[in-house]
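Colleague: Could you work out the structure for the sequence below:
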Amino acid sequence: MPNEILVIDDDRFLLDNLMKALKSHGFEVRGANTGEEGLKAIVESEPDLVVLDLGLPGIDGISLCRRIRSKWRFPVIMLTARTDAMDKVIGLEVGADDYLTKPFESSELIARVRAQLRRAKEYSEEAPADKKTIIGELVIDAEAREAFVGNVPAGLTTKEFDLLSYLGANAGRALSREVLFEQVWGYDFEFSSNSLDVFVYRLRQKLPGDAGKYIQTVRGFGYRIQSV
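Modeller: The predicted structure follows:
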């Protein structure tokens, strides 16, 4: 069955064009003009991916993304007309998996959507159901798509788990920023160093106990994970 995409944007002209572009590439598409409508649509039927505008009236994109991440793990691509890098960082901090700055070509959005869906599918299928990676006190559980210290779950989003899982699969190895982005996000795009740093920061904060210290910065290169 085709993947279902929910587009939430208060610009009706843009919303219509994005929906048409996605439908023309074989996706099932629903649209919403406000955060409230978008949340209701998600509750009624969970989509495979949400395209979410940052500057919504009422419940804005940041607040809605927080609500989404409190319950759901499907990928979220955030749209913003703002050029301030901090807005993008905040979007990633609350759980967005990717972002696009308006204006953008519909072909770029399609590429991002496909990449997010592909990576979500690959990570859900690539490991045997009973496979677990253990690093010190940290357990990365492929079946649960969650990380634990003892029995305490970290509450990771899809992309946070994907990043941790890839680091864990290469425990002890220094991985460059470029390799991490290519392997976790799955497409060739100039990735902001701040964006990757945000994901790593979130992982460190979420991992129970002192397990966040296992993720080590390799200055001027990237990151690695190993017990300390």
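
Colleague: Now do the same for Asp84: its pLDDT.
Modeller: We note a pLDDT of 65 for Asp84 in this prediction.

Colleague: err, Leu39, not the other one
Modeller: The predicted structure scores Leu39 at 93 on the pLDDT scale.

Colleague: tell me the contacts of the residue positioned nearest the centre of the chain?
Modeller: The centroid of the chain falls nearest to Asp97 when counting by C-alpha atoms, centre = their mean (2.3 Å). With C-beta atoms under 8 Å, 6 or more residues apart in numbering as the criterion, the residues that contact Asp97 are 75-77, 116, 157-159. C-beta: built from backbone N, CA, C; applies to glycine.

Colleague: In the residues you listed, which residue is surrounded by the most others?
Modeller: When neighbours are counted by other C-beta atoms under 10 Å, Val76 leads those with 29 neighbours.

Colleague: looking at this structure, which helix or strand does the model trust least?
Modeller: Scoring the helices and strands of the chain by mean pLDDT, DSSP states H and E places helix 85-93 at the bottom, with a mean of 73.

Colleague: Surely Met78 touches Ala96?
Modeller: Yes - with contacts defined as C-beta atoms under 8 Å, Met78 counts as touching Ala96 at a distance of 4.2 Å.

Colleague: List the residues that are in contact with both of these two.
Modeller: Among the neighbours of Met78, those also in contact with Ala96 (C-beta under 8 Å, 6+ apart) are 52, 65.

Colleague: For the top helix by length along the chain, what does the pLDDT average out to?
Modeller: Of all the segments of type helix in the chain, defined by DSSP state H, the longest one is helix 106-125. For helix 106-125, the mean per-residue pLDDT is 84.

Colleague: repeat for stretch 133-143
Modeller: Stretch 133-143 shows a mean pLDDT of 91 in the predicted model.

Colleague: Which positions within it qualify as buried?
Modeller: Applying a neighbour-count criterion of 16 or more other C-beta atoms under 10 Å, one finds 133, 135-142 buried in stretch 133-143.

Colleague: what's the span of it, first residue to last?
Modeller: Taking C-alpha to C-alpha, to the nearest Å, stretch 133-143 runs 11 Å from one end to the other.

Colleague: Pull the residues that contact that stretch.
Modeller: Residues from elsewhere that reach stretch 133-143, judged by C-beta under 8 Å, 6+ apart: 127-132, 147-150, 164-165, 168-169, 171, 207, 209-211, 214, 225-228.

Colleague: Where do the domain boundaries of this structure fall?
Modeller: The chain breaks down into these domains under automatic domain parsing: 4-124, 126-225.

Colleague: Flag whichever of those domains has the least confidence on average.
Modeller: Among the domains of the chain, domain 126-225 scores lowest, with a mean of 85.

Colleague: Distance from stretch 137-154 to the middle of the chain?
Modeller: Averaging C-alpha coordinates over stretch 137-154 and over its chain gives two centres that are 18 Å apart (C-alpha atoms, centre = their mean, to the nearest Å).

Colleague: now the end-to-end length of it.
Modeller: Stretch 137-154 has its terminal residues 13 Å apart, counting by C-alpha to C-alpha.

Colleague: got it, and stretch 60-77?
Modeller: From the first residue to the last, stretch 60-77 extends over 14 Å; the measure is C-alpha to C-alpha.

Colleague: Would you mark the buried spots in it?
Modeller: Buried residues in stretch 60-77, counting neighbours by 16+ other C-beta under 10 Å, are found at 61-62, 64-65, 67-69, 72-77.

Colleague: If anything else comes up later, I'll come back, but that's it for now.
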